[in-house]
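**Q** Coordinates only, no sequence provided:
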């Protein structure tokens, strides 16, 4: 057999074996590798390259070496799952770099980080002042996680006392100008409904690059023509405004009428309307 054919076959087999081993070891072998996993990845790559090109090496011995490394790596991962001490030994612990707005210089030197590198990582977390950082820690993976002080954290609906509805995965009902029937059926809608929504927007399915429907039935489109802009759905905003207007009208009627019976009725209706608004607000303000 010519050498080039043998090299090609050995390389193909080595790639298949390496792919299988990587699948067995899991996704962490590809991203966020620990120190040991990094060493394992380099070693496996070196072995595969060696058995692919060195024709004097027995192919089965190379595959045995790859298998031994894979089994050894799986054994280490099993020990890490069972023992906190083993996890700390192989992956190390996180190190606090900033606490209460104060840089811990000794820990910074321990991790061999310069001030410039620390500031660069802080800026990536949108923290431009050390004084704004409540807590910063470097993880075993090398990532630096930052907790800003409470007054510097971004506002959320929870801070404002507003409850919001759960956000679920939207369904792509139009893709590359073609209507997708399966996602439509998943959310209980039909092509007739979709065509009606397209007519409201004044576009056809062929002009839509991507169309999505959220859990609450609102339809969003992205057109092929980037110069054209489609208005965002306003149904929920309009509904919320209508409910608030009804509440205000009921309260006004209750204040202006001189009929005591009617006044009590309007006041009761206003209270019920407030309850309804409170219940639907999380959905309308998701």
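**A** Noted; the coordinates are in hand. Note that the structure is predicted; figures quoted are calculated from it, not measured. Numbers count the residues shown, from 1 in each chain.
**Q** Next one: residue 104 relative to residue 95, how far apart?
**A** Residue 104 is 8 Å from residue 95, where distance means CB to CB, to the nearest Å. Every C-beta, even on glycine, is put in place using the N, C-alpha and C of the backbone.
**Q** which one of those two has more residues nearby?
**A** Neighbour tally, residue 104 and residue 95, criterion other CB atoms under 10 Å: the higher count belongs to residue 95, 18 against 14.
**Q** what sits against the more buried one?
**A** By CB atoms under 8 Å, 6 or more residues apart in numbering, the residues touching residue 95 are 107, 110-111, 137-138.
**Q** How about residue 93?
**A** residue 140.
**Q** what secondary structure does it sit in?
**A** coil (DSSP: H, G, I helix; E, B strand; the rest coil).
**Q** Got the confidence number for it?
**A** Per-residue pLDDT puts residue 93 at 79.
**Q** most neighbours, which of the contacts of residue 95?
**A** residue 138 (21 neighbours).
**Q** just checking, it touches residue 122?
**A** No. The criterion here is CB atoms under 8 Å, and residue 138 misses it with residue 122 at 11.6 Å.
**Q** where do the helices sit along the protein?
**A** For the chain, helices defined by DSSP state H occupy the ranges 3-25, 35-53, 59-82, 84-91, 105-110, 115-124, 181-186, 191-201, 235-256, 260-284.
**Q** want to try CSV for those helices, with distance to residue 157 as columns?
**A** Shown next, in CSV, are those (distance: least, CB to CB, whole Å):
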stretch, distance to residue 157
helix 3-25, 41
helix 35-53, 39
helix 59-82, 37
helix 84-91, 36
helix 105-110, 36
helix 115-124, 26
helix 181-186, 28
helix 191-201, 28
helix 235-256, 14
helix 260-284, 9
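**Q** closest one to residue 130 among those helices?
**A** helix 115-124 (7.2 Å; CB to CB).
**Q** Going by contacts, tell me the helices and strands next to that closest one.
**A** Judged by 3 or more CB pairs under 8 Å, 6 or more residues apart in numbering; DSSP states H and E, the packing partners of helix 115-124 are strand 144-148.
**Q** The strand it packs on: partners in the sheet, and parallel or antiparallel?
**A** strand 133-138 (antiparallel) (DSSP bridges).
**Q** returning to that earlier point: what touches both of residue 138 and residue 122?
**A** Contacts common to residue 138 and residue 122, judged by CB under 8 Å, 6+ apart, are residue 144.
**Q** Next, give phi and psi for the most centrally placed residue in the chain.
**A** When CA atoms, centre = their mean is applied to the chain, the residue found nearest the centroid is residue 169 (11.6 Å). Main-chain torsions, residue 169, degrees, to the nearest 10: phi -70, psi 120.
**Q** circling back to that earlier point, now the contacts of residue 95 in TSV, with distance to residue 60 and pLDDT?
**A** Output for these, formatted as TSV (distance: CB to CB, whole Å; pLDDT from 0 to 100):
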residue	distance to residue 60	pLDDT
107	49	90
110	46	87
111	44	86
137	47	93
138	43	89
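**Q** Give me the domain ranges for this protein.
**A** Listed domain ranges for the chain are 3-89, 95-152, 171-232, 236-284 (source: automatic domain parsing).
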